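Visitor: Need a 3D model of the sequence below.
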Amino acid sequence: MTIQITCLFIGVLIPLIWSAAALPYRQRQLGRVDFEQPRLQAHQLTGRGAAAWGAQLNAWEALAMFTVANICGFFAGLEPQGAWSLLCVLWVVARLVHGFCYLYFKVALRVASFAISTLSAFGIMVLALLV
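Guide: As a prediction, the model looks like this:
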């Protein structure tokens, strides 16, 4: 379970990384970071700042699906080594690539990494169903 827990931990850090990445753009584009109304301010971002915000939101959404997939794997009694571990690591790599592609406007790679991470999470659920 070490790999799964480590991947979940990294998955929790990913949206926080993209949130932090948006801070300099908030400062530069909008003059300050608004901690009182951060979501309203985020909607004013453009370019890379908006991309960092979008990467953060998408990372939270993907984390929910990945978490559910791992809960399914745990309760189904999947063997922690093997396919489950591989799919977890693949998910993390794909999610990291997704965020960088979001930030650097690599749309085709972003869509591909989104698909890979989503299929990885679904793959874990399928494994859980097959046990």
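Visitor: wait, what's in contact with Leu45?
Guide: Ala22, Tyr25, Arg26, Gln29, Leu30, Ala52, Trp53 (Cβ atoms under 8 Å, 6 or more residues apart in numbering). Where you see a C-beta, it was placed from the backbone N, CA and C, and this is true even at glycine.
Visitor: What's the separation between it and Gln37?
Guide: When Cβ to Cβ, to the nearest Å is applied, the distance between Leu45 and Gln37 equals 13 Å.
Visitor: next SSE after the helix or strand Phe66 falls within?
Guide: For Phe66, the element it lies in under DSSP states H and E is helix 47-76. For helix 47-76, the succeeding helix or strand toward the C-terminus, using DSSP H and E, is helix 83-103.
Visitor: Point out the other elements, helices or strands, that the helix or strand following that next one touches.
Guide: Where DSSP H and E defines the elements, the next helix or strand beyond helix 83-103 is helix 107-130. Judged by 3 or more Cβ pairs under 8 Å, 6 or more residues apart in numbering; DSSP states H and E, the packing partners of helix 107-130 are helix 47-76, helix 83-103.
Visitor: residues in contact with the shortest one?
Guide: Residues outside helix 83-103 that contact it (Cβ under 8 Å, 6+ apart): 3-4, 7-8, 10-11, 14, 17-18, 21, 48, 51-52, 54-55, 58-59, 62, 66, 70, 73, 78, 106-107, 109-110, 113-114, 116-117, 120-121, 123-124, 127.
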